[in-house]
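Engineer: sequence isn't available, so here's the structure alone:
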């Protein structure tokens, strides 16, 4: 048991990093602040700022029934909305895949670590589960990297979105900047890729002295 456990320090770190990375991936998917739009017309968008996420767009506006009272208005995107740009559609699908792949990676790592710390010296089984978990982490990290990079590119190039009139949103902002979801996604990518690398590295460690027990 001590021999196996002494070789699994990186894999324990992989589990910790993978857990945080998976949580951040989930957070970035739910946060609406992917793009921060600054609009010049504040008739409806009273704050002059709107937040464009991958599932909805939100802004703060005044209610006509109660002057001076502000309320957060959100419009949810539908899967059939043709005006949604490709990078947002891609983010919806890829982040769902990343969340599922990350969960599988965590499950595989937990199983392998359980065998290591319980002294179950089945070298092949442990190595394979660390390897599978590592690939899941890396695949999840790449699934987060693509939408984060694509949406960051769209923000830096101030690309427009042709919102329908019912959204009360301009098609182009006066300016836009990356929202909180993008740096959170970048950190998730780094942690998931590191976790995958650490997990896969177990196959290269010296576990030849372990005794296989079926």
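Structural biologist: Noted; the coordinates are in hand. All of these numbers come straight from a predicted model, not from anything done at the bench.
Engineer: what's near enough to touch the residue nearest the centre of the chain?
Structural biologist: Computing the C-alpha centroid of the chain and ranking residues by CA atoms, centre = their mean puts residue 25 first, at 2.4 Å. Neighbouring residues of residue 25 by CB atoms under 8 Å, 6 or more residues apart in numbering: 95, 98-99, 102, 140, 144, 185, 188, 192. The way it works is simple: take the backbone N, C-alpha and C, and place the C-beta from them, glycine included.
Engineer: let me have these in CSV, extended by distance to residue 118, neighbour count and pLDDT.
Structural biologist: Conversion of those to CSV gives the following (distance: CB to CB, whole Å; neighbours: other CB atoms under 10 Å; pLDDT from 0 to 100):
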residue, distance to residue 118, neighbour count, pLDDT
95, 34, 26, 96
98, 30, 31, 97
99, 29, 17, 96
102, 24, 29, 95
140, 27, 32, 97
144, 32, 33, 97
185, 36, 28, 96
188, 30, 29, 97
192, 26, 32, 97
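Engineer: in this protein, which helix is the longest?
Structural biologist: In the chain, assigned by DSSP state H, the helix with the most residues is helix 123-156.
Engineer: any stretches of the protein with poor pLDDT?
Structural biologist: 1-8, 62-70, 119-121, 203-214 (pLDDT under 70).
Engineer: quick one: the helices in it?
Structural biologist: Read by DSSP H, the chain holds these helices, from start to end of the chain: 2-6, 9-30, 86-117, 123-156, 181-200.
Engineer: kind regards, and thank you for your time.
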